[in-house]
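> here is my input; please provide its structure:
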Amino acid sequence: MTIKFITPEPLPTPHENELLIILNEECTEIIQECLKIQHLASKVLRFGLNEIQPGTVLRNVDLLGAEIGDFMAVVNRLYDQNVLAKDLVEWASERKEKKLEKYIQTLPSADGGNKRPATLNEIIEIVSKDGYSMPVKDLKRELDNRGLGYLK
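Residues are numbered from 1 along each chain as shown. Here you go, the predicted structure:
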């Protein structure tokens with residue numbers, strides 16, 4: 001005869017069960033978003049920050065930023081629902097910053113220029129005038145004409 005362990009603690013209530021199910025769903029979405037971010041980061045490494053993939057009007061760096069924004073929306077929801085403690089996440093982020101400061105092997109580029117990078121809205125405004133089919137070289141020329149920089 002096998003002795004079976006039975007927890008002395010009460011099982012989750014139906015509401016707690018539902019919250020845990022939602023948490024599982026959110027974790028799955030985070031994994032999917034992380035995979036998208038990983039994929040876009042690879043595209044940026046292979047083709048550059050400013051490359052615009054066929055079928056889209058956004059640069060790789062803009063797509064990456066949008067995916068990170070999606071991820072942050074989930075994190076903010078978890079803060080709002082008191083699933084994550086914001087102060088603990090901020091502490092962990094500061095700890096990571098210190099590690100990066102200590103271990104990062106490269107310095108930022110000194111030749112960044114003095115132009116501020118174009119915002120996503122400015123880029124959309126420019127390319128929408130051409131029906132979202134503007135070649136990258138034309139977009140870069142228009143940004144230069146406006147005194148705006150673009151990521152290299």
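
> ok, residues contacting the host helix or strand of residue 69?
Using DSSP states H and E, residue 69 maps to helix 60-80. With CB atoms under 8 Å, 6 or more residues apart in numbering as the test, helix 60-80 has contacts from 26, 29-30, 33-34, 36-37, 40-41, 43-44, 47-53, 56, 58, 84, 86, 89, 120, 123, 151. For the C-beta atoms, the positions are set from N, CA and C on the backbone; glycine is no exception.

> out of those residues, list just those in helices.
When DSSP state H is applied, the contacts of helix 60-80 are split such that 26, 29-30, 33-34, 36-37, 40-41, 43-44, 47, 86, 89, 120, 123 fall in helices.

> so which one among those residues has the lowest pLDDT?
In terms of pLDDT, the lowest of the ones in helices among the contacts of helix 60-80 is residue 120, showing 68.

> tell me the centre residue of the chain?
With distances taken as CA atoms, centre = their mean, the residue of the chain nearest its centroid is residue 68 (1.3 Å).

> give me the distance between that residue and residue 93.
Noted for residue 68: a distance of 14 Å to residue 93, by CB to CB, to the nearest Å.
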